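Novice: what shape does this take:
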Amino acid sequence: MRVIIFLASLFLGTEATISNFDNKCARGEISGWSFFSSDNKHVQLQRSYNITGGLNDSICVKAPFRPIVYRHNNTMEKTFTYRNMSSTHKIGPGAASFWPSAKFLMEFSAMETMPTKMRSPVLLNYVNSTFLHAAHGYHLTAPNWKFIYCDNTCAVVEVLSKDGDMNGGRKCELWIRVGRKEKIHMSAATEPCKSFFQSSCYTQYPTQVYIPSLCD
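Specialist: Numbering: from 1, shown residues only. This is a model prediction of the structure:
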């Protein structure tokens with residue numbers, strides 16, 4: 001019993017340390033809104049859950065374009081795309097497949113449900129999205145998130161869904177932001193974010209979404 005208690009306290013202590021020193025969302029220095037409304041390219045590195053279909057049917061998930069931002073009501077239009085290696089949406093026989101894409105209206109709030117007049121731009125860490133349009137067989141769900149970690153380069157979002165994770169843990173995604181023409185490279189700057197992802201989400205079988213040889 002003492003060993004179990006010790007391990008639990010060690011786990012919680014690690015997460016608290018990460019939150020206190022690196023998690024700018026928790027400290028109120030930046031928010032999910034400021035992280036995702038920037039002009040950067042946003043790329044999903046990993047997710048802690050599986051999606052129906054083959055492993056290569058939803059890789060290279062990214063939001064590569066500058067969003068259309070409506071600051072008066074904390075919403076933005078943002079386009080997401082990914083690669084489906086099994087896609088039949090092609091220019092012609094033997095040609096490369098189109099990447100599925102979709103534009104969403106993303107609404108940010110300080111809580112899952114909160115009147116507009118009560119929202120604070122500092123705490124906009126909840127996201128509810130609706131489809132505006134989709135093309136080439138886009139089948140991923142609309143972003144419905146809570147930002148549980150963010151710093152200047154990386155964020156961890158909890159996927160808020162009714163079914164939850166089949167193992168009882170958090171369904172999470174790990175995102176980074178880089179310049180729109182910048183090559184993606186793993187650096188020490190993303191380590192606190194990765195540590196939070198591994199300690200706070202169910203990551204026994206994480207899915208590697210960004211694969212350089214297939215995504216660049």
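Novice: contacts and neighbour counts: CA atoms only from here.
Specialist: Fine.
Novice: now M111: how far from S101?
Specialist: M111 is 28 Å from S101, where distance means C-alpha to C-alpha, to the nearest Å.
Novice: between the two, point out the one with more neighbours.
Specialist: Taking neighbours as other C-alpha atoms under 10 Å, M111 and S101 compare with S101 leading, 21 against 16.
Novice: same for whichever strand or helix holds A134, what does it pack against?
Specialist: A134 belongs to strand 126-135 when assigned by DSSP states H and E. Helices and strands touching strand 126-135, by 3 or more C-alpha pairs under 8 Å, 6 or more residues apart in numbering; DSSP states H and E, are strand 101-109, strand 144-150.
Novice: in that strand, what counts as buried?
Specialist: Y126, V127, N128, S129, A134 (16 or more other C-alpha atoms under 10 Å).
Novice: how distant is stretch 64-81 from the center of its chain?
Specialist: Its chain's C-alpha centre and that of stretch 64-81 lie 15 Å apart, by C-alpha atoms, centre = their mean, to the nearest Å.
Novice: just grab the bridge partners of the nearest residue to N74 once chain neighbours are set aside for me.
Specialist: Nearest residue to N74 in three dimensions, chain neighbours excluded: F108, at 5.6 Å (C-alpha to C-alpha, 6 or more residues apart in numbering). Judged by DSSP bridges, the bridge partners of F108 are V127.
Novice: quick one: F108 from E77, how far?
Specialist: 11 Å.
Novice: and these two? Which one has more around it.
Specialist: Between F108 and E77, counted using other C-alpha under 10 Å, F108 has the larger neighbour count: 26 against 19.
Novice: so for that one, what's the pLDDT?
Specialist: Looking at F108, its pLDDT reads 97.
Novice: so what's it up against?
Specialist: Contacts for F108 (C-alpha atoms under 8 Å, 6 or more residues apart in numbering) come out as W33, N74, T75, L124, N125, Y126, V127, N128.
Novice: dump these to TSV, plus pLDDT and distance to Q44.
Specialist: TSV is the format used below for the contacts of F108 (pLDDT from 0 to 100; distance: C-alpha to C-alpha, whole Å):
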residue	pLDDT	distance to Q44
W33	96	17
N74	96	22
T75	98	21
L124	94	20
N125	95	17
Y126	97	18
V127	97	16
N128	97	18
